[in-house]
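Novice: what would the 3D arrangement of this be:
(one chain, ligands or ions: 1)
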Amino acid sequence: MRSLYIKKEDCCGCGACVDICRRGAVRMMIDREGFRYPKIDGSLCVDCRQCEKVCPVKKKAQSMERNPSRKYFAVQVKDEEVRRLSSSGGMFPVLAKYVINRQGVVYGASYGRNMKVVHKGIHTMEELDAVKRTKYVQSSLKGVYREIETQLKDDRWVLFCGTPCQAQGLKDFLKTPYPKLILTDLICYGVPSPGIWRSYVKSLEKKRGGRMTDFSFRDKRNRDNGHMCSYEIGGNEYSGSLYSDPYCRMYFSNHILRPSCHICRFCTIERESDITIGDFWGIEKVRPDMDDGMGTSVVILHTEKAREIWEAVREELSWFECEKKDVLQPRLTGPSGAAKSRRIFMACYKALPFSVFQKLYILSASGRTFIRRLFGW
Ligand SMILES: Cc1cc2nc3c(=O)[nH]c(=O)nc-3n(C[C@H](O)[C@H](O)[C@H](O)COP(=O)(O)OP(=O)(O)OC[C@H]3O[C@@H](n4cnc5c(N)ncnc54)[C@H](O)[C@@H]3O)c2cc1C
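Specialist: Just a heads-up that it's a prediction; the model follows:
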């Protein structure tokens with residue numbers, strides 16, 4: 001039977017292949033590392049190859065157009081409460097407001113049932129909080145590409161914000177350029193395993209005795225640019241450093257990123273989206289007066305449409321224009337490398353009950369060298 005990828009690295013899991021198949025022949029299946037991969041049902045497939053054509057990873061061979069009129073900004077939304085509740089400088093909510101004021105639809109990542117991270121569309125400012133803030137988990141876009149196409153065909157404004165592979169998947173899914181689509185992608189460190197996230201949520205729920213209702217990966221209560229995380233279980237709030245949280249440690253030590261993230265071709269400034277947003281790393285060097293610990297966004301405008309929207313929203317922002325060299329950060333020059341011990345780490349995840357696996361990881365991360373040596377973590 002035909003497969004959409006040979007090596008795991010060749011599939012970014014954006015899901016555009018699932019939505020493009022009108023016969024429902026492509027479905028996502030979870031692998032043993034907890035990532036979703038497409039599988040073709042040979043009995044339904046008519047070999048039209050649309051699923052291959054829409055794949056952002058297979059598009060690799062084409063070079064992306066260089067754009068000399070690209071613009072770079074450091075941005076903070078003036079509304080302090082909006083910025084506090086955003087992951088960096090709050091550029092996304094400003095773009096969202098622009099679209100909602102035009103009766104449009106905003107698509108972003110939210111927590112669904114059992115804290116699963118899913119993209120969804122929202123229509124009002126009251127609903128915006130659900131799709132704000134960074135979730136360090138690969139989101140599912142099942143049905144979202146088709147829904148966006150319907151909105152655009154109905155002549156509605158649509159803001160899409162997601163990882164660069166998802167944004168490219170959407171662009172290739174739509175084929176036609178729509179003037180009312182604002183395609184926004186993130187600077188992306190890489191996406192971690194939804195399966196490991198699910199196991200982690202369950203372990204916290206068991207420990208605390210209740211259901212998790214929220215997890216904030218970028219809590220700014222210490223005015224440290226969001227290096228705290230916090231979560232709610234059974235109406236109680238728990239918080240701690242981002243780097244002492246076991247799941248976040250697994251993420252930032254590059255043990256649980258999707259294999260394709262390690263060879264990601266979108267870790268560059270050259271992109272096909274309208275706008276790229278991320279954290280302004282190094283703002284303390286470029287503009288120390290802006291570094292108040294509450295987050296600054298880097299905003300890259302790639303297209304004429306993006307520049308028009310910028311003119312319409314910039315009054316809501318404190319900003320300054322900068323040069324390309326000021327915004328360059330590791331994920332704009334190359335992908336995150338895999339941890340040397342990723343393979344053995346994942347083998348242990350597959351083989352051991354999560355509670356045991358997690359205990360071993362915490363012990364090794366807290367400096368128990370015998371475990372480090374044993375597993376090579
Ligand atoms: C997995 C991941 C890795 C990232 N890595 C980096 C990095 O290395 N360097 C960097 O500068 N910035 C990175 N970012 C982006 C950064 O964390 C902020 O999301 C971005 O700066 C926007 O913040 P904001 O204040 O403008 O708005 P926010 O209100 O914080 O908006 C966040 C936006 O990201 C979307 N989003 C959240 N979680 C996901 C997800 N899992 N998948 C797809 N979209 C999502 C939301 O829907 C929303 O549109 C990453 C984001 C994610 C999700």
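Novice: any idea how many residues pack against residue 238?
Specialist: Taking other C-beta atoms under 10 Å as the neighbour definition, residue 238 ends up with a count of 15. No exception for glycine: its C-beta is placed from N, CA and C like everyone else's.
Novice: read off the pLDDT value for the spatially closest residue to it that is not a sequence neighbour.
Specialist: Leaving aside its sequence neighbours, residue 238 sits nearest to residue 231 (C-beta to C-beta, 6 or more residues apart in numbering; 5.6 Å). The per-residue pLDDT reported for residue 231 equals 98.
Novice: help me confirm that residue 231 is found in a strand?
Specialist: Yes. Counting by DSSP: H, G, I helix; E, B strand; the rest coil, residue 231 is located in a strand.
Novice: give me every residue in the chain lying close to the ligand.
Specialist: Contact residues of the chain with respect to the ligand, defined by C-beta under 6 Å from any ligand atom, are listed as 86-93, 108-109, 117, 131-137, 139, 161-163, 186-189, 191, 277-279, 297, 329, 331.
Novice: what count of nearby residues applies to residue 366?
Specialist: Counted by other C-beta under 10 Å, the residues lying close to residue 366 total 10.
Novice: do you know how far it is from the ligand?
Specialist: Distance check for residue 366 against the ligand: by C-beta to the nearest ligand atom, to the nearest Å, it reads 25 Å.
Novice: distance check, that residue against residue 215.
Specialist: 22 Å (C-beta to C-beta, to the nearest Å).
Novice: show me where the protein has its strands.
Specialist: Assigned by DSSP state E, the chain shows strands spanning 26-30, 36-40, 71-77, 105-111, 117-122, 158-162, 181-186, 212-219, 228-233, 236-241, 275-279, 297-301, 317-322.
Novice: in TSV: those, plus distance to residue 260.
Specialist: Conversion of the strands of the chain to TSV gives the following (distance: least, C-beta to C-beta, whole Å):
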stretch	distance to residue 260
strand 26-30	14
strand 36-40	10
strand 71-77	27
strand 105-111	18
strand 117-122	17
strand 158-162	15
strand 181-186	16
strand 212-219	21
strand 228-233	25
strand 236-241	29
strand 275-279	19
strand 297-301	23
strand 317-322	31
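Novice: right, so of those strands, which gets closest to residue 10?
Specialist: If you check each of those against residue 10 by C-beta to C-beta, strand 36-40 wins as the nearest, at 10.1 Å.
Novice: against which helices or strands is the closest one packed?
Specialist: Contact analysis of strand 36-40 by 3 or more C-beta pairs under 8 Å, 6 or more residues apart in numbering; DSSP states H and E lists strand 26-30 as its packing neighbours.
Novice: C-alpha coordinates for the strand it packs on, CSV please?
Specialist: Coordinates of each C-alpha in strand 26-30 appear next as CSV, following Å, rounded to 0.1, in the frame of the first residue of the first chain:
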residue,chain,number,x,y,z
VAL,A,26,-6.3,9.5,4.6
ARG,A,27,-6.5,9.2,8.4
MET,A,28,-4.2,10.2,11.2
MET,A,29,-2.8,7.3,13.4
ILE,A,30,-0.8,7.8,16.6
